[in-house]
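Asks: below are the sequence and a predicted model; questions follow.
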Amino acid sequence: MIEVIREDITKICVDAIVNAANSSLMGGGGVDGAIHRAGGKAILEDCMKIVNRQGKCKTGEAVITTAGNLPAQYVIHTVGPIWNGGNSKEREKLANCYRHSLELAVANQCDSVAFPSISTGVYRFPKDQAAQIAVQTVREFLAIHQKPAKVIFVCFDEENEQLIADQLKDFP
């Protein structure tokens, strides 16, 4: 089951929420900052351990941490691409964000996952293209895998919510 809602992702009760992180994993603006603030220092501590072990998180990759004070069990941090006109494999990297996040969710027995709109804020990915890639990638993943049983696209604004809803209509 896939759905779209307009809500604050830090308040969603699911097994894992996805964070549109930056490569340092140290928090930042937008959804990244909101998740770090609401989740508390446990998330940052886990992120620091990951960075100490492997270095920064590459674009399109994902890592998982505790959710700290959030109602979720886990936070899956993924680094979306910065839009540079579409000629630097941005679409492929964005699809990888969703795919790798879902793979981590499955590996950690998550039955429900909530995604924000990745890369559509300060990273300037065109919102219509991002919505199409998000829905298509999630649908392709769920066509092959039994889990997660529920994926929620959690949109902060009406524009992204409508774009995702339109994509969900177009792909039965």
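Replies: That came in fine, so what should we check first?

Asks: what is the rounded mean pLDDT of stretch 71-91?
Replies: The pLDDT scores in stretch 71-91 average 96.

Asks: just the buried positions in it, please.
Replies: Of the residues in stretch 71-91, those buried under the neighbour-count criterion (16 or more other CB atoms under 10 Å) are 72-81, 83, 90-91. Any C-beta I mention is one placed from the backbone N, CA and C, and that applies to glycine too.

Asks: for this structure, what spans make up the helices?
Replies: 30-39, 41-54, 90-107, 127-144, 158-170 (DSSP state H).

Asks: from the buried residues of stretch 71-91, which is closest to D8?
Replies: Lowest distance from D8 to the buried residues of stretch 71-91 (CB to CB) belongs to A72, with 12.5 Å.

Asks: re the thing from before, got the helices of the chain as TSV, with distance to S117 columns?
Replies: Listed next are the helices of the chain as TSV, based on distance: least, CB to CB, whole Å:
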stretch	distance to S117
helix 30-39	8
helix 41-54	20
helix 90-107	10
helix 127-144	6
helix 158-170	4
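
Asks: between those, which one is nearest to V4?
Replies: Nearest to V4, of the helices of the chain and by CB to CB, is helix 158-170 at 4.3 Å.

Asks: quick revisit: from the buried residues of stretch 71-91, which land in strands?
Replies: Among the buried residues of stretch 71-91, the subset assigned to strands under DSSP state E consists of 74-79.

Asks: not counting residues beside it along the chain, what's closest to S24?
Replies: Beyond its immediate neighbours in the sequence, the residue positioned closest to S24 (CB to CB, 6 or more residues apart in numbering) is K56, lying 6.0 Å away.

Asks: what about that neighbour, how many residues nearby?
Replies: Other residues within reach of K56 by the criterion other CB atoms under 10 Å amount to 14.

Asks: quick one: it and S23 touch, right?
Replies: Yes. At 4.2 Å, K56 counts as touching S23 under the criterion of CB atoms under 8 Å.

Asks: next, the buried residues of stretch 12-27.
Replies: In stretch 12-27, counting by 16+ other CB under 10 Å, buried: 12, 14-22, 25, 27.

Asks: now tabulate those residues in a markdown table and tack on pLDDT.
Replies: Output for the buried residues of stretch 12-27, formatted as a markdown table (pLDDT from 0 to 100):
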| residue | pLDDT |
| --- | --- |
| I12 | 96 |
| V14 | 98 |
| D15 | 98 |
| A16 | 98 |
| I17 | 98 |
| V18 | 98 |
| N19 | 98 |
| A20 | 96 |
| A21 | 96 |
| N22 | 94 |
| L25 | 95 |
| G27 | 89 |
